[in-house]
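Q: requesting a structural model of the entry that follows:
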Amino acid sequence: MGVLVITGTGTEVGKTVVTAALAAVAAARGSRVAVLKPAQTGLLPGEPGDVDEVVRLAGDVTARELVRYPDPLAPATAARRAGLPVLSPAQIAAEVVLLDETHDLVLVEGAGGLLVRFDDAGSTIADVAWAVNAPVLIVAQAGLGTLNATALTAEAVLRRGLETVGVVVGSWPEHPDLAARCNLADLPEAAGAPLLGVLPSGAGTLPSADFAAVARESLSPWFGGTFDPETFAAQHAC
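A: Coordinates of the predicted model:
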């Protein structure tokens with residue numbers, strides 16, 4: 001895999017922590033890893049953003065942020081309010097291609113969900129995935145409501161001629177409720193793709209060395225980790 005697009009079923013689902021985990025595991029295996037955040041919203045210049053968090057957790061990876069808007073809104077809306085230029089899929093794709101030439105793995109983290117708008121034409125991270133022929137990884141919540149959100153995201157991916165490689169739970173609670181435990185078996189069906197990882201709640205607060213170990217345990221061998229979805233589901237049976 002050269003390029004992977006990471007999208008969420010919504011905001012605050014753990015995309016950045018999952019991106020950092022993927023980067024940490026790949027970097028530990030000797031891969032040259034780049035992480036691209038096309039549009040960062042809700043932060044002022046100089047404030048640490050998602051790519052800074054990835055570097056803090058994953059270590060020696062290339063990090064790129066293309067534009068930043070101060071309001072915590074969809075990039076198109078935030079750009080309009082700030083009077084700043086929007087970012088087109090072609091611009092994002094061009095940066096992806098450049099990074100792909102010098103890296104083994106390029107992780108592209110979207111803003112919010114799959115269909116969040118980057119410009120007034122309605123362009124989304126899905127258009128970027130199409131432009132660079134990249135598969136999509138869905139980051140989902142653990143609890144009630146996640147099956148519908150995951151199924152809608154996966155359906156949108158499929159309708160755009162893209163591939164969903166799998167789903168990762170971005171934040172698994174210390175004390176999962178009945179819905180979270182049952183969702184372990186149902187999420188792959190909702191996504192139409194396998195469960196490829198479960199990151200524990202609070203993983204993003206760990207020091208980098210501890211995070212690397214947790215990342216390896218929390219991601220599928222498909223990504224270089226040791227996570228076994230059947231064993232995990234059996235341990236949390238509903």
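
Q: what's near enough to touch the nearest residue to D50 once chain neighbours are set aside?
A: Spatial nearest neighbour of D50, excluding adjacent residues (CB to CB, 6 or more residues apart in numbering): T16 at 4.6 Å. Bear in mind the C-beta positions are built from the backbone N, C-alpha and C, glycine included. Neighbour list for T16: 50, 53-54, 109, 204 [criterion: CB atoms under 8 Å, 6 or more residues apart in numbering].

Q: one more pass at 7 Å, please.
A: 50, 53-54, 109 (CB atoms under 7 Å, 6 or more residues apart in numbering).

Q: just the ones in strands from those residues, please.
A: E109 (DSSP state E).

Q: TSV for the contacts of T16, including distance to A24?
A: Shown next, in TSV, are the contacts of T16 (distance: CB to CB, whole Å):
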residue	distance to A24
D50	15
E53	12
V54	9
E109	14
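
Q: distance check, L187 against E163.
A: 17 Å (CB to CB, to the nearest Å).

Q: the more surrounded of those two?
A: Legend: neighbour count by other CB atoms under 10 Å for L187 and E163, higher for L187 (27 against 13).

Q: what residues sit buried inside the helix or strand containing the more buried one?
A: Using DSSP states H and E, L187 maps to helix 178-191. Of the residues in helix 178-191, 180-184, 186-188, 190-191 count as buried by neighbour count, 16 or more other CB atoms under 10 Å.

Q: where does this protein dip in pLDDT?
A: The chain contains residues with pLDDT under 70 at 1.

Q: how about the residue in it that sits furthest from its center?
A: G83 (27.8 Å; CA atoms, centre = their mean).

Q: that one and A215: what is the separation?
A: Relative to A215, and taking CB to CB, G83 is found at 39 Å.

Q: equivalent analysis for L44, please.
A: Applying CB to CB to L44 and A215 gives a distance of 30 Å.

Q: and those two? Which one has more around it.
A: Neighbour totals were compared for L44 and A215, and A215 leads with 30 against 8 (other CB under 10 Å).

Q: if we can go back for a sec, show me which of the buried residues of helix 178-191 is closest to A63.
A: Distance to A63, by CB to CB, is smallest for A191 among the buried residues of helix 178-191, at 27.6 Å.

Q: could you point out which element follows whichever helix or strand T16 is part of?
A: Here T16 sits within helix 15-28, counting by DSSP H and E. Remark: after helix 15-28, the chain's next helix or strand is strand 33-41, criterion DSSP H and E.
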